[in-house]
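> All I have is the shape, not the residue letters:
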């Protein structure tokens, strides 16, 4: 995905005129990262907005015990930076790390704010965007507190399949590589619980494979599990 197509696709930039969009393109910086590289670290000043151009990025945070927790996985076209921090000019509350060969578009915070001041419609779009991010965080917190473990994991795989799934003869192959620890962190579960549920999903041929190659075979069934339309455990096939 090219820089120009990203700036035309993201909802935040829909209201920009051609002149302002061109100014952002000229200000933007494309930066490559290798697997494991940190794009920014917890405590760094939020001076840039970041957009995933190629590859996959995970947002992580350290627990008080020093354990790394994966909060979110970002795909090409996703804007990130702990957006509220970038708008307020404070520090990043977490880290962003490349999960493979990745290319990031960086836009200077002040350059973007200067353009926003000239575009009230863009300012309103940003308010809506931040509201959506807040709702996502609230929904995630509610899911962690109330949803069954199986429902959480099913919902995660539905989201990943929709965003990254590549159609193959056996189903939708996920282009993202996630360990059991990643899956556990992203759903607020233990690794042991995650492994047990993954074994059940595998047994009923909903998802098969390892961290390097996961394939979703029955997206509709996972969607039913994620929306509480099935019992907590998939029934055996007859």
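The structure has been received and is ready for your questions. Just so it is clear, the model here is predicted, and its values are computed rather than measured.
> Look at residue 38 and report its pLDDT.
Turning to residue 38, the model gives it a pLDDT of 94.
> partners of it in the sheet?
residue 97 (DSSP bridges).
> How much space separates it from residue 51?
Shown here: residue 38 relative to residue 51, a distance of 17 Å by Cβ to Cβ, to the nearest Å. Just so you know, the C-beta spots here come from the backbone N, C-alpha and C atoms, and that holds for glycine as well.
> And the two? Which one has more around it.
Neighbours of residue 38 and residue 51, each counted by other Cβ atoms under 10 Å, are more numerous for residue 51; the result is 27 against 13.
> can I assume that one is in contact with residue 13?
No. Taking Cβ atoms under 8 Å as the contact criterion, residue 51 and residue 13 are not neighbours in contact, 9.9 Å apart.
> Tally up the residues packed near the residue nearest to residue 118 when sequence neighbours are not counted, please.
With sequence-adjacent residues excluded and distances taken as Cβ to Cβ, 6 or more residues apart in numbering, residue 118 is closest to residue 20, at 6.8 Å. The number of residues packed around residue 20, counting by other Cβ under 10 Å, is 18.
> helices and strands of the protein: which one bottoms out on pLDDT?
Among the helices and strands of the chain, helix 83-88 carries the lowest confidence by mean pLDDT, DSSP states H and E, at a mean of 60.
> quick one, domains of this structure?
Structural domains of the chain, as assigned by automatic domain parsing, span the residue ranges 3-139, 147-226.
> weakest of the ones you listed in terms of mean pLDDT?
In terms of mean pLDDT, the lowest-scoring of the domains of the chain is domain 3-139 (a mean of 79).
> circling back to that earlier point, whichever strand or helix holds the residue nearest to residue 118 packs against which elements?
With elements taken from DSSP states H and E, the one containing residue 20 is helix 18-27. Judged by 3 or more Cβ pairs under 8 Å, 6 or more residues apart in numbering; DSSP states H and E, helix 18-27 is in contact with helix 3-9, strand 102-108, helix 109-117.
> looking at these, which is closest to residue 198?
Closest approach to residue 198 among the helices and strands packed on helix 18-27 is made by strand 102-108 (26.1 Å; Cβ to Cβ).
> Out of the helices and strands packed on helix 18-27, the one nearest residue 91 is which?
Each of those has some distance to residue 91 by Cβ to Cβ; the shortest is helix 109-117, at 12.6 Å.
> buried sites along the closest one?
109, 111, 112, 115, 116 (16 or more other Cβ atoms under 10 Å).
> Roughly how far does the second one sit from residue 28?
Yep, that's residue 111 we're talking about. Here residue 111 is placed at a distance of 9 Å from residue 28 (Cβ to Cβ).
> So which residues of this structure form helices?
In the chain, the helices defined using DSSP state H lie at 3-9, 18-27, 83-88, 109-117, 120-146, 149-164, 180-187, 191-203, 219-226.
> Turn those into JSON lines, including distance to residue 173.
Shown next, in JSON lines, are the helices of the chain (distance: least, Cβ to Cβ, whole Å):
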{"stretch": "helix 3-9", "distance to residue 173": "24"}
{"stretch": "helix 18-27", "distance to residue 173": "34"}
{"stretch": "helix 83-88", "distance to residue 173": "31"}
{"stretch": "helix 109-117", "distance to residue 173": "36"}
{"stretch": "helix 120-146", "distance to residue 173": "26"}
{"stretch": "helix 149-164", "distance to residue 173": "9"}
{"stretch": "helix 180-187", "distance to residue 173": "16"}
{"stretch": "helix 191-203", "distance to residue 173": "15"}
{"stretch": "helix 219-226", "distance to residue 173": "12"}
